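A.B. asks: No sequence on hand, only this structure:
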């Protein structure tokens, strides 16, 4: 994404993730190679990237204070939309439901984040770098992914411009604590 900071995401899994990845590969291979299909919860719209100098134990404690009391959330993508005046086509999620409650709880949990100029709009990006043609835009706007999937895990990534994103830790909703703490061994993932 070309932005340095820390981001919290959710990621579809299984066949849904594979279908989304195939769409990204067809329409925006650069995006598909950089990041798995994901939805940024903190770091893009509604709240900008988390301050990269925030100590990981402090960040983990703030995230856990929310996830330990949050239940898994069933979600479903709506019809695709193009961000006005931009080359970005996304699959949106409901901005008013439990996902927004999760977003707002994280925003007020003590996490230090940068301001953003965009209102909270949870979405999975299908096209970001590739220039849209009439044909590619028509094709992207016909995508329908109505499968309900469950948000059970938050993934927290550190990104630095020009360096692959590094997974810091994963946190399960409804579970006090984290698992998959990979801060020392690295990993790849989305930056926002």
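C.D. replies: Thanks, I have the structure now. None of these values were measured; they are calculated from a predicted model.

A.B. asks: give me the beta-bridge partners of the residue lying closest to residue 42 once chain neighbours are set aside?
C.D. replies: Leaving aside its sequence neighbours, residue 42 sits nearest to residue 8 (Cβ to Cβ, 6 or more residues apart in numbering; 4.2 Å). C-betas here are computed from N, CA, C, even on glycine. Note on residue 8: beta-bridge partners residue 42, residue 156, judged by DSSP bridges.

A.B. asks: By mean pLDDT, point me to the weakest helix or strand of this protein.
C.D. replies: strand 178-179 (a mean of 45; mean pLDDT, DSSP states H and E).

A.B. asks: show me where pLDDT drops low in the protein?
C.D. replies: 1-3, 162, 175-192 (pLDDT under 70).

A.B. asks: Of all the helix elements in it, which one is longest?
C.D. replies: helix 14-27 (DSSP state H).

A.B. asks: Which elements pack onto the helix or strand following it?
C.D. replies: Where DSSP states H and E defines the elements, the next helix or strand beyond helix 14-27 is helix 29-34. Contacting helix 29-34 under the criterion 3 or more Cβ pairs under 8 Å, 6 or more residues apart in numbering; DSSP states H and E are the following elements: helix 14-27.

A.B. asks: Tell me the buried residues in the helix it packs on?
C.D. replies: Within helix 14-27, the residues scored as buried using 16 or more other Cβ atoms under 10 Å are 16, 17, 20, 21, 23, 24, 27.

A.B. asks: next one: it to chain centre, how far?
C.D. replies: 15 Å (Cα atoms, centre = their mean, to the nearest Å).
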